[in-house]
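In: Provided below are the primary sequence and the corresponding predicted coordinates.
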There are 2 protein chains.
Amino acid sequence: MLIEKSCKEFIDILASASPVPGGGGASALVGALGTALGSMVGNLTLGKKKYECYQDDIKRILEKAGILQTELSDLIAKDAEVFEPLSKAYGLPKNTEEELAIRNEIMEKALRDASSVPLEIMKKALEAIDLHEELAVKGTKIAVSDVGVGVLFCKSALMGASLNVFINTKLMKDREYALKINQETEKMLEAGIKKADEIYAQVEAAIKS
Amino acid sequence: MLIEKSCKEFIDILASASPVPGGGGASALVGALGTALGSMVGNLTLGKKKYECYQDDIKRILEKAGILQTELSDLIAKDAEVFEPLSKAYGLPKNTEEELAIRNEIMEKALRDASSVPLEIMKKALEAIDLHEELAVKGTKIAVSDVGVGVLFCKSALMGASLNVFINTKLMKDREYALKINQETEKMLEAGIKKADEIYAQVEAAIKS
């Protein structure tokens, strides 16, 4: 499992010509790191008298963040899994009409699978951005910079994964399906970037004030 | 060493209330991941006939990226190292004028050290963004999305580290020094964000075209 590798090894494999992990899996990892920073802020707020009124919220945020960290970590492996069939599909023969038809069908299925994982990463990154929105208000002020860094990472995960949706939908023959996925992706991008930028601006203002 | 821990462990420690790693060290890690994606693009371009005219550049980029990955990885540990004295300085007594004077002096030194590491992370992230600028032009087009994801990560590292400069300069008594560091930080932010956004837009346009 990629997630069990040391950070050093992960960086080395990522840097190599090996097809996985690539930008999709790395986006899931960065999303997990961003969510973990949110958890850190939650854990530093937990049990603090000054933030007594938010304790129930903090507990809920921590539980949700823990789930997201696991889900995003799992998506690193899933992204690698769906790349393999796609990579194999490229190598299929296309000398006859029949071969081409078979290749197209297998390729189309592989492209759908390969776009489904970064879509899932985007959904999780969006949920993590929502948690940071709450943490910017309810989290301990001594860790406000970590809310800012956390939301930056989640935004990068969202945008990084979106590129991995677009490279796959671009090659799909079923343009109607591709368009539907692209629209879903654009919608998540728009909402997530706007919210993440607002949270970051809020953190920056708090630090610079 | 934090970099030797598994990705899963790193995420778990980051999520905990443990003071290190925090947003600074995590920014260095994300910068290293971004640089590694640049290396991947370089490695996929290496020896490819279609990109023959860029082979010398690619070799130079790969060498530089390898150095940056090591430097950013080392900065994860360094960020943790400089946090400890700062954390201790907060706990020093301040009951008498003399105690306060000693505390202030130790604190000021600790704040300078604690801001020097994120400043270094920013410098390295900027250099990594420059490599992605070249890779967007000279790297293999089959990995163009990875240039986009890589530059997103380097931008996040730059911005994330900047927040960790600002939280430290804010507390410095020597306002002249603090202002100087803040100006240096703002300058790097401005240049890096502009360039990273341009590279990302270029990648996005290539993917969506």
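Out: Great, that's in hand.

In: okay, CA-based contacts and neighbour counts for the rest of this
Out: Will do.

In: so what's the closest residue to chain B within chain A closest to, chain neighbours aside?
Out: Residue of chain A nearest chain B, by Cα to the nearest Cα: A:Ser6 (3.6 Å). Residue nearest to A:Ser6 in three dimensions, not counting chain neighbours: B:Ser6, with 3.6 Å by Cα to Cα, 6 or more residues apart in numbering or on different chains.

In: Quick check, the one you found in contact with A:Cys7.
Out: Yes - if you go by Cα atoms under 8 Å, B:Ser6 and A:Cys7 touch, sitting 5.6 Å apart.

In: higher neighbour count, these two?
Out: Per other Cα atoms under 10 Å in any protein chain shown, whichever of B:Ser6 and A:Cys7 has more neighbours is A:Cys7, with 24 against 19.

In: what's that one in contact with, if anything?
Out: Taking Cα atoms under 8 Å, 6 or more residues apart in numbering or on different chains, we find A:Cys7 in contact with B:3-7, B:10.

In: and which of those is nearest chain A?
Out: For those, the nearest to chain A is B:Ser6 (3.6 Å; Cα to the nearest Cα).

In: Look at A:Thr96 and say how many residues are nearby.
Out: Here the count is done by other Cα under 10 Å, and A:Thr96 has 9 residues near it.

In: Look up phi and psi at it.
Out: In terms of degrees, to the nearest 10, the main-chain angles of A:Thr96 are phi -110, psi 170.

In: For it, give me the pLDDT.
Out: You'll see A:Thr96 listed with a pLDDT of 96.

In: Give me the distance between it and A:Leu111.
Out: 22 Å (Cα to Cα, to the nearest Å).

In: And for A:Val41?
Out: Applying Cα to Cα to A:Val41 and A:Leu111 gives a distance of 38 Å.

In: So for those two, which sits in the more crowded spot?
Out: The neighbour comparison of A:Val41 against A:Leu111 (other Cα under 10 Å) goes to A:Val41, with 32 against 25.

In: which residues sit in contact with the more buried one?
Out: For A:Val41, the contacting residues are A:135, A:139-140, A:143-144, A:146-147, B:15, B:17, by Cα under 8 Å, 6+ apart.

In: Mind doing that once more with 10 Å?
Out: The contact partners of A:Val41, by Cα atoms under 10 Å, 6 or more residues apart in numbering or on different chains, come to A:35, A:58, A:62, A:132, A:135-136, A:138-147, A:150, B:14-17, B:22.

In: what ranges do the helices span in chain A?
Out: Counting by DSSP state H, chain A has helices at residues A:7-15, A:23-45, A:55-90, A:97-138, A:144-169, A:175-208.

In: which of these sits most buried?
Out: Ranked by mean neighbour count, the helices of chain A are led by helix A:23-45 with a mean of 31 (mean count of other Cα atoms under 10 Å in any protein chain shown).

In: Give me the angle between that helix and helix B:7-15.
Out: Orientation check (axes from the mean of the first three to the mean of the last three Cα atoms, to 10 degrees): helix A:23-45 against helix B:7-15 gives 30 degrees.

In: the inter-axis angle of helix A:23-45 versus helix A:55-90?
Out: Put simply, helix A:23-45 runs at 170 degrees to helix A:55-90, going by the same axes, to 10 degrees.

In: Could you check the angle helix A:23-45 makes with helix A:97-138?
Out: Put simply, helix A:23-45 runs at 20 degrees to helix A:97-138, going by the same axes, to 10 degrees.

In: pLDDT (mean, whole number) over helix A:23-45?
Out: Mean predicted confidence for helix A:23-45 is 98.

In: tell me the residue furthest from the middle of chain A?
Out: What lies farthest from the middle of chain A is A:Thr96; by Cα atoms, centre = their mean that is 39.7 Å.

In: show me what contacts that residue?
Out: By Cα under 10 Å, 6+ apart, the contact set of A:Thr96 is A:Ile102.

In: quick one: it and A:Arg103, what's the gap?
Out: According to Cα to Cα, A:Thr96 stands 10 Å off from A:Arg103.

In: The residue of chain A closest to chain B contacts B:Ile11, doesn't it?
Out: No - the criterion here is Cα atoms under 10 Å, and A:Ser6 misses it with B:Ile11 at 11.3 Å.

In: any idea how far A:Asn43 is from A:Tyr51?
Out: Separation of A:Tyr51 from A:Asn43 (Cα to Cα) stands at 12 Å.
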